[in-house]
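# Return atomic coordinates for the entry below.
(one chain, ligands or ions: 1)
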Amino acid sequence: MDYDFAVIGGGSAGYAAARTAVGLGLKTAVIEGGKEIGGLCILRGCMPSKTLLESARRFRVLKRAGEFGLSCGTPEFNAAAIIARKNRLVSECAEYRRGQLESGKFDFHRGRAEFLDSHTLRIHAPDGKTSTLRSRTFLISTGSEIGIPPVPGLAESRCLTSDDLLDLESIPESIIVLGAGPVGLEMASYCRAFGSRVTIIQRSPQILKSVDPDVASALVESLRRDGIDIFTNTSLLHVADDGRQARVSFEQSGKVKSLEAARVLNALGRKPRLDGLEPLNLATTHGRIAVQSDQSTSHAHIFAAGDVCGGLEVVHIAIQQGEIAAHNATILLGRKTGAPRVMDYRLKLFAVFSEPQLASVGSTEAELRASGIEFLAASYPFNDHGKSLVMGETEGFVKLLAHRASGEILGASVVGPEASDLIHEVVVAMNYRATVRDFASIPHYHPTLSEIWTYPAEEIADQLSPT
Ligand SMILES: Cc1cc2nc3c(=O)[nH]c(=O)nc-3n(C[C@H](O)[C@H](O)[C@H](O)COP(=O)(O)OP(=O)(O)OC[C@H]3O[C@@H](n4cnc5c(N)ncnc54)[C@H](O)[C@@H]3O)c2cc1C
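Prediction:
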């Protein structure tokens, strides 16, 4: 065997796993087959999208200058300059990741890997040469790619993808966004900030299936107030986009509707990258590699982490899964004793950087009901909170869910200003299994956005039996 641990894919999951494995003394290799080095988060995911959204947020602030007694003329934007700033930031991050991968701490192979058998990889290098590599254990962290669901016309159309939009040096005058997942909602908010007429078409009755209905509704109402048209509970019939004019037909409540726009964005989701894994005949769930809570696949010595196996396709989960896989490979190889580490989704954390933002942690009401856990819920709106009034950011609310008997916080959501940061206060509290009483008694400076959490915490605490 050439290696103890071979990692296929040098994105967020793969790099985290390799770093952990080296730290645990495993002879490790990373094989990266992408055209560019960096992985999805850096190249076409979190970093570029949030950079564009930051320009959008600042443009919205400029447009509201008069409300705050300020004047900056008529704000203008330059989409090419926005993309150029994003490109600079992405190349800096990619350069940093390249340095990490080429640091020499583990062997870094450039090329696309395919399994020949369950211990052997063939690597197709960019110069056309091939080589083989054998390893005792593996991590598959090959990520995902944009999916094209079987909607008539979609595959043949010149629909934009998130990859395209992240490079588009002009904002479409109008755009139809197919799908109201995080990517669709963020891209809709980005285009809307710069004046695009935006329509979102979503298949299920609720946007963002993993949050409580009242949380999803609050975001929908805010997006509608921002001028975005949203159609839910639909079935797509046909899509056409020749790059100049687009048309989408869909059915809603038994009626066929047809909309036109300058462009269509396919934000209907991503699929795992599974090519090269065929000889393994791995078990899958919903098309993704099936993993146990210790990240092992149907082959005990082959682990999987990140978007390729899912759980929640976000970066911190990919990293955590990769680290757990590396630890468990070390135990499997007999280099470490102790029980295998397992993923714990109790602190399931999720954020959408739309305008306003949405974030949640822990269980939803539906999940608690399904588990038979009795709980209390309380929420508080931003339009009655000092700091948000000061900021002029009054959309949305915060919500807490707590165990009916003990008061332990079991879940929280925010729709509103700085939601993606505000949620972390509850993440920390939940990590230490704080109750609403603990939470309400922690000092909160006035006036701050964070202070808003004390109101639902106190409301629930008042309903608990006295201690
Ligand atoms: C527009 C957008 C915005 C997002 N925003 C956020 C956000 O704000 N926050 C968040 O947490 N998440 C966000 N995500 C999701 C996040 O980017 C992913 O969950 C995360 O990057 C997945 O990491 P990964 O390691 O599983 O996969 P990747 O980073 O995709 O890494 C997989 C790597 O494997 C390589 N590879 C594939 N096949 C092979 C092969 N056969 N041989 C060798 N190498 C191979 C690929 O080249 C790639 O480098 C966003 C995603 C998108 C699309």
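
# Could you use CA atoms for every contact and neighbour count after this?
OK.

# Quick check: residues of the stretch 201-350 of the chain near the ligand?
Taking Cα under 6 Å from any ligand atom as the criterion, the stretch 201-350 of the chain approaches the ligand at residues Arg273, Gly276, Gly306, Asp307, Val308, Glu313, Val314, Val315, His316, Ala318.

# Look up how far the ligand lies from the nearest residue to the fourth one once chain neighbours are set aside.
Okay, so that is Asp307. Spatial nearest neighbour of Asp307, excluding adjacent residues (Cα to Cα, 6 or more residues apart in numbering): Gly143 at 4.7 Å. If you measure Gly143 against the ligand using Cα to the nearest ligand atom, to the nearest Å, the figure is 3 Å.

# Quick check, Gly143 in contact with Arg270.
No: look at Gly143 against Arg270 with Cα atoms under 8 Å: they stay out of range, at 9.6 Å.

# These two: who's more crowded?
Gly143 (28 against 16; other Cα atoms under 10 Å).

# Let me see the contact set for the more buried one.
Gly9, Gly11, Leu40, Pro272, Arg273, Gly306, Asp307, Val308 (Cα atoms under 8 Å, 6 or more residues apart in numbering).

# again, 7 Å this time
Gly143 makes contacts with Pro272, Arg273, Gly306, Asp307, Val308, as judged by Cα atoms under 7 Å, 6 or more residues apart in numbering.

# ok, now Lys271?
Ser144, Glu145, Ile146, Gly147.

# That one sits in which helix or strand?
Assigned by DSSP states H and E, Lys271 belongs to strand 270-272.

# what about the helices in the stretch 101-250 of the chain?
162-165, 182-193, 213-225 (DSSP state H, counting those that start in this stretch).

# what's the most buried one of the ones you listed?
Of all the helices of the stretch 101-250 of the chain, helix 182-193 has the most neighbours on average by mean count of other Cα atoms under 10 Å, namely a mean of 24.

# Surely Ser118 touches Leu280?
Yes: using Cα atoms under 7 Å, Ser118 is in contact with Leu280, at 6.2 Å.

# more neighbours, these two?
Each of Ser118 and Leu280 has its neighbours counted (other Cα under 10 Å); Ser118 has more, 18 against 15.

# List the residues that contact that one.
For Ser118, the contacting residues are Leu280, by Cα under 7 Å, 6+ apart.

# could you flag which of the residues of the stretch 201-350 of the chain next to the ligand are buried?
Burial by neighbour count, 16 or more other Cα atoms under 10 Å: within these this picks out Arg273, Gly306, Asp307, Val308, Glu313, Val314, Val315, Ala318.

# Distance of the second one relative to His286?
I take that to be Gly306. With the distance defined as Cα to Cα, to the nearest Å, Gly306 ends up 15 Å from His286.

# What of the first one?
Relative to His286, Arg273 is positioned 13 Å away (criterion: Cα to Cα).

# Could you do the last one as well?
In this structure, Ala318 and His286 are separated by 18 Å, where distance is defined by Cα to Cα.

# Span of stretch 347-355 from start to end?
Using Cα to Cα, the end-to-end distance of stretch 347-355 comes to 24 Å.

# For that stretch, buried residues please.
For stretch 347-355, by 16+ other Cα under 10 Å, it's Leu347, Leu349, Phe350, Ala351, Val352, Phe353, Ser354, Glu355.

# Can you list the low-confidence ranges for the stretch 251-400 of the chain?
For the stretch 251-400 of the chain, not a single residue meets the criterion pLDDT under 70.

# burial count for His238?
For His238, the neighbour count with other Cα under 10 Å is 15.

# How about the residues of the stretch 1-150 of the chain by the ligand?
Residues of the stretch 1-150 of the chain lying near the ligand by Cα under 6 Å from any ligand atom: 8-14, 31-34, 38-41, 44-46, 49, 111-114, 141-144.

# and these, which are buried?
Buried by 16+ other Cα under 10 Å: 8-14, 31-34, 38-41, 44-45, 49, 111-114, 141-144, out of those.

# if we can go back for a sec, direction included, what does the strand holding Lys271 pair against?
With DSSP bridges as the test, strand 270-272 is paired with strand 144-146 (antiparallel).

# List the contacts of the strand it pairs with.
Outside strand 144-146, the residues that reach it (Cα under 7 Å, 6+ apart) are Gly269, Arg270, Lys271, Pro272, Arg273, Asp307, Val308.

# Check the burial of Arg335 by counting its neighbours.
12.

# Now the phi/psi pair for it, please.
When read as degrees, to the nearest 10, the backbone of Arg335 gives phi -90, psi 0.

# residue contacts, it?
Contacts of Arg335 (Cα under 7 Å, 6+ apart): none.

# Quick check: it vs Lys27, distance?
Here the criterion is Cα to Cα. By it, Arg335 lies 12 Å from Lys27.

# Kindly report the same for Asp462.
56 Å.

# Quick check on these two: which one has the bigger neighbour count.
Between Asp462 and Lys27, counting by other Cα under 10 Å, Lys27 is the more crowded of the two (19 against 12).

# picking up where we left off before, got a markdown table for the contacts of strand 144-146, with distance to Pro182 too?
Formatted as a markdown table, the contacts of strand 144-146 follow (distance: Cα to Cα, whole Å):
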| residue | distance to Pro182 |
| --- | --- |
| Gly269 | 10 |
| Arg270 | 12 |
| Lys271 | 15 |
| Pro272 | 17 |
| Arg273 | 20 |
| Asp307 | 15 |
| Val308 | 18 |
